[in-house]
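> Build me a model:
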Amino acid sequence: MSISRRKFIGAGAAAAASLTLDRTARADVLGTTAGWGAQSAGRPVVVASANGIRGVARAYDMITRQNADTLDAIMAGVNIQELDPDDQSVGLGGLPNEEGVVQLDASCMHGPTRRAGAVAALEGIATPSLVAKAVMDHTDHIMLVGAGAKKFALEMGFREQNLLTDKSRRDWLRWKACLNPADAWLDSAPPPLTSSLSIDDPLHVKFTTGTINMNAVNAGGDMSSVTTTSGLSWKVPGRIGDSPIVGAGQYCDNTVGAAGSTGRGEANIKVCGAFLIVEMMRQGMSPDQACMKTIDRVIAMTERRLLDNGRPLFDLQFYALAKDGRFGSATAYEGSSFAVADSQGARLIPMPFKFARSERPQMPSVSCRRA
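Residues are numbered from 1 along each chain as shown. Okay, here's the model as predicted:
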């Protein structure tokens, strides 16, 4: 069947696959299930989205062995993914916008100094998280975007490079061949790629909203947070999601906790999700409970075109860390995990979910729409 570009974007967000793990806590038992809402092995703790499993280990080691600042530690943690060309959701090798250009977003907060920095639509610099920190450290501003962000990064000594890898370029060409009936591409596409982030269609066109969020607290209770991404694949040039928006993609209050998100940024922006989670923890909710309540708020604020009988046609994940070392998370649909590093080691933990995997709406397949 044919599908418009707009519908493809909505369908892709719902179809992006996550890690398949054992069944975890349902929202309706979240408040009473033993263990959920009170997970802690004591400080220090580092939490992140599942793709940050290597990063939380590095950050925890830096905090405990090198007495590193929490923001420096989690920056080193997310840099692993930003510089990994095989991670197509962030930094080098990220999937590009509809014109084939990789545009990156990031933001960070440093709890002890109550400072923040962000960049959006940054091109040619593989580590937007570090540029965001430079904005925080060296200017009186919080966010720089586009050409201004790139000019600043180059002035600060960051190295410009081509972020579009051969693998990501091939995926972009498949997308163009499938969705642009008026272009000059032939119907015969290259052999399909297989990917855990593929829509189940004849060309296996990849779609991702992949992001990495990481939060940390040290033994003394100081906290930091960071979120970095290449954003929505095949996005309209100039689009930014929640990642570079302080209070949406990440937020940190050194007196309470830190939180962040991955998934559909447009849905999270409207509820200022990370800020909301921290405020709910301030009011006494556990990290898990605050994350799940924010999932509820997202659904309540979602327009009808993106709902199917009250269930979102996309996924969204939240991660939270309290000042005392308790941590938690929540996701719209069963099957996701998040990364934690503490005295028990670095590991993946299944996330509490709002809807079971079987309740996820069935999305249409994507196929080429040639005239």
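> Does anything pack onto whichever strand or helix holds F275? Which helices or strands?
According to DSSP states H and E, F275 maps onto helix 273-282. When contacts are defined as 3 or more Cβ pairs under 8 Å, 6 or more residues apart in numbering; DSSP states H and E, helix 273-282 packs onto strand 250-253, strand 257-263, helix 287-300, strand 316-322. Backbone N, C-alpha and C define where each C-beta goes, glycine included.
> Can you list the buried residues in it?
Buried positions in helix 273-282, judged by neighbour count with 16 or more other Cβ atoms under 10 Å: G273, A274, F275, L276, I277, V278, E279, M280, M281.
> Contact partners for the residue lying closest to A320 once chain neighbours are set aside?
The shortest distance from A320 to any non-neighbouring residue, by Cβ to Cβ, 6 or more residues apart in numbering, is to P287 (3.6 Å). Residues in contact with P287 (Cβ atoms under 8 Å, 6 or more residues apart in numbering) are 37, 39, 257, 259, 277, 281, 320-322, 326-329.
> Would you reformat those as CSV and include distance to D222 and pLDDT?
Below are these laid out as CSV (distance: Cβ to Cβ, whole Å; pLDDT from 0 to 100):
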residue, distance to D222, pLDDT
G37, 23, 48
Q39, 20, 76
G257, 12, 98
A259, 16, 98
I277, 19, 98
M281, 16, 98
A320, 17, 98
L321, 12, 98
A322, 13, 98
R326, 16, 97
F327, 16, 98
G328, 20, 97
S329, 22, 98
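> Buried only: go through the residues you listed for me.
Here, 16+ other Cβ under 10 Å leaves 37, 39, 257, 259, 277, 281, 320-322, 326-329 buried among those.
> how about CSV for these, with distance to M214 added?
Listed next are the buried ones among the contacts of P287 as CSV, based on distance: Cβ to Cβ, whole Å:
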residue, distance to M214
G37, 21
Q39, 17
G257, 14
A259, 11
I277, 15
M281, 18
A320, 12
L321, 10
A322, 16
R326, 17
F327, 12
G328, 15
S329, 13
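> thinking again about what came up before, what angle do the helix holding F275 and strand 257-263 make?
140 degrees (axes from the mean of the first three to the mean of the last three Cα atoms, to 10 degrees).
> Contacts for helix 273-282, please.
225, 242, 247-253, 256-261, 268, 287, 289-291, 293-294, 297-298, 316, 318, 320, 322.
> Same check on stretch 72-83?
Under Cβ under 8 Å, 6+ apart, the answer for stretch 72-83 is 46, 48, 51-52, 54-56, 58-60, 62-63, 68, 87, 89-92, 108, 126-130, 133, 212, 214-216, 224-226, 228.
> Tell me where the stretch 101-250 of the chain has strands.
Assigned by DSSP state E, counting those that start in this stretch, the strands in the stretch 101-250 of the chain fall at 104-110, 115-122, 143-145, 211-217, 223-229, 250-253.
> Once you drop chain neighbours, what's closest to G55?
Going by Cβ to Cβ, 6+ apart, G55 has G77 as its nearest residue, at 3.0 Å.
> can you check N51 too?
Using Cβ to Cβ, 6+ apart, the closest residue to N51 is I212 (5.4 Å).
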